[in-house]
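Colleague: Test case, fold it:
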Amino acid sequence: MQPASLAPLEYYQVGVNSPQCCTLMSASGHRTHRVVAGDNNGMLACFGIKKGQAVPLFETPTGLKLSKVTVSNERVFVAAGSQVCGFSRKGKLFFDFTVPIPSSIVAMAVHEEHLHVASEFAYKHFVDCKETNSVTVNERISALALVYENGRSFPTPVLACADQHIRIIEGSDIRASVLLPGRPTVLCAFGTPADGDALVLFGTSCGKFGLVNVSSGRVAACDMNEDDSAGITSVAELLLPGLGEAIAVGRNDGLVQVFDLSEGTPSLSHQASLSGAVTSLAFGPVSSATEPELVASTYSGSIFGLPLSAPDPVDLDTRLAQLKAEVAQLESQVTAAAHAPAVPTMVLAELTLPEIEIVDSMTLLPDEASYLLSIELASSIDTLVLRADVPVDVLDSREASLSVSFTPCAPNETSLLLATYTCQPGVTRLQIKLRTIEGTHGAIHAFIIPATTPKVAYQRTYPIHALSLHRPASAFDPSTLPLNTLEFTGKFSLMDMHTWLARCLPSLPDKPTADGCHCFYESSFINTHLECHYRAEWARLRTENLCTLSIVRDVVTQAATARNCAISFSTDVNDDSVPHALSLLIPKLQEQNLIVRKLAILPALQDLVSSDGGEEFLPPDYREILSQASELQADSKRRPFQLERLYGIITDMYIDKFKFQGVNAKGRIPALMQMLESCNGQDIVDFFNA
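Modeller: Model prediction:
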């Protein structure tokens, strides 16, 4: 069933704002809530809605770059750097506290006299500004939520961390750690203790969301829709009239979606597309005391109301008249600016470079085994140049309002990709899908040129790891898999090995623990596993994929040689590992081979049907291909050149198998390619064993 479209109503405009800087505040004696928002310019604004119009209640300049805004007991608390300030419901400052933390606050929650804050690697709990609990973690913290468990009068803090885990805090200890299907970006308490289990709602950078049972430390439910690849930046709990509980998610491509939970599993019921990345979501009675609505803020500072029920036609007419008045006002401003006297040309020494806020991310899409580069500015983007010193394929762009040109790179140059994107006026957000190839490490450099005067380029760098398609995973039982082992020994420190492996693996902690590191990964493309265990002067890696061991061995030995560090390695190859890896790859190969064959004859079948006026005369298997046309084309667009990619992985595995035996098998690759094109699984296995 098609989801209902939500009609956004723009209520207010603030400056460029950070995630979780817009929320709702109840007001004594009023049946509707007020909207509170803060921006990067330091302005804290509060307004209500009366007859469809925003009524400002206060605008307080704080002089700070506000990073978080929250509400407790009709009081507003903001975070800026390491400072927390409190404002009354009339916008008057009554609280100012500098938190003793080494870095800026990234997450904050307030409960009565309790203040919970999280910096990059630390969580602290204050009661009346006195520290009572603290926890230090090795992973970067991205979000914080307070969840009430049944039978407890105080909330349980939950931290979201960059290693795809959320950590449940008990006092000054970590009570439990839960692995999620992606890197969590936002958390929100879900339900009440009276409902039973204490739940926390999470959203991830790869577009997944779900619920975690805080009491049991398990994922209670998770949406695994492969089509939703845009990162989630905000979540909210909803109570839909006549339907029950629902979940709202806001994504960095401007999409707001509402998922109904009445049937137990998330079902998309409403959606809307906003003009910029969604930074905050809240739900409550804003314009009507009887009909709660969603309130969403975007990166550019626009605050929208999203009523879940159909608006009154009278209100729409009123809104149309208001929009016409606003357009007329904008036209008069444009006319005045066009006739304004020209600004005299300044010499270079007098130029002031514009300050541009850039929100960017490079996110692994596990279902597609590719990366999504997302860049958004508060102003229009004029040009984007991508340069890579590693092999990278540009798959597509999610924006139709731009053109791309590729510059050929000479063989003796370090650049392997030069792509220039030219944007149409008004484009503020770009999303580009990229595909990396495991085996080499380097970086992608983005040069962003806003449509400002003077022209200034801003550079952003995104590291590409040698095992870029691997992601953190939960521990696995080694006895159930045919694992190959690679061991390193030598006069290297723990930090040396950690630095070398960081070139291979994404999401490793910035610093290992003193007694070493033990972590687990999985390939998002092949679904093989990797165990890393290392300390000073010793490291062991185990996986059923020989290609993974070969890549790690090459990267570590090259790095150790460049550092003049004596290192030795030994390998133990399990003969059953290659057949096991092939058993994971061959079904993917056969599936893609079938898709390619169907797509090859699809145009001819469509021409035949259009010329002869029907498909009744076609065999059943051809009619099935025609009925699957949209699905086949969508899969090809979502995962282009997947068959060639599988060919490359299997041939690399064949070469690496014999490389560990000291044999150069590259001469047999043409015969292997013929075998792969025939796509007979048993013949491929026999060829590897020959």
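
Colleague: where do the helices sit along the stretch 301-450 of the chain?
Modeller: Using DSSP state H, counting those that start in this stretch, the helices of the stretch 301-450 of the chain run over residues 313-338.

Colleague: where's the residue nearest the centre of the chain relative to K130, distance?
Modeller: The centroid of the chain falls nearest to S205 when counting by CA atoms, centre = their mean (1.8 Å). Relative to K130, S205 is positioned 35 Å away (CB to CB, to the nearest Å). Yep, even glycine has a C-beta here, placed from its N, CA and C like the rest.

Colleague: likewise G439?
Modeller: Using CB to CB, G439 is found at 53 Å from K130.

Colleague: do E631 as well
Modeller: For E631, the distance to K130 equals 60 Å [CB to CB].

Colleague: How about L238?
Modeller: Going from L238 to K130 by CB to CB gives 37 Å.

Colleague: can you check G301 too?
Modeller: 36 Å.

Colleague: Please say which of these two ends up with more neighbours.
Modeller: G301 (23 against 9; other CB atoms under 10 Å).

Colleague: I'd assumed E10 was in contact with that one.
Modeller: No: using CB atoms under 8 Å, G301 is not in contact with E10, being 10.8 Å away.

Colleague: pLDDT score for D39?
Modeller: D39 carries a pLDDT value of 94.

Colleague: all numbers from here: first residue = 510
Modeller: Renumbered: residue one is now 510, and that last one reads D548.

Colleague: Just the local confidence number for the spatially closest residue to it that is not a sequence neighbour, please.
Modeller: Leaving aside its chain neighbours, D548 sits nearest to G524 (3.5 Å; criterion: CB to CB, 6 or more residues apart in numbering). For G524, the pLDDT comes out at 91.

Colleague: For G524, grab the count of nearby residues.
Modeller: When neighbours are counted by other CB under 10 Å, G524 registers 18.

Colleague: check which helix or strand covers it.
Modeller: Counting by DSSP states H and E, there is no helix or strand that carries G524.

Colleague: check contacts around it.
Modeller: Each residue near G524 by CB atoms under 8 Å, 6 or more residues apart in numbering is listed here: 548-550, 552, 810.

Colleague: Of these, select the buried ones using a PyMOL command.
Modeller: Applying 16 or more other CB atoms under 10 Å to the contacts of G524, the buried members can be selected in PyMOL as follows:
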select buried, resi 548+549+550+552+810
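
Colleague: just for the stretch 660-809 of the chain, where's the confidence low?
Modeller: 702-705, 730, 732-738, 750-752 (pLDDT under 70).

Colleague: what about the stretch 1060-1199 of the chain, any weak spots by pLDDT?
Modeller: For the stretch 1060-1199 of the chain, applying pLDDT under 70 flags the ranges 1121-1122, 1147.

Colleague: can you give me the helices in it?
Modeller: Using DSSP H, counting those that start in this stretch, the helices assigned to the stretch 1060-1199 of the chain run over residues 1086-1121, 1129-1136, 1138-1147, 1151-1168, 1178-1187, 1190-1198.

Colleague: For L893, find the nearest of these.
Modeller: The closest of the helices of the stretch 1060-1199 of the chain to L893 is helix 1138-1147. By CB to CB, the value is 21.9 Å.
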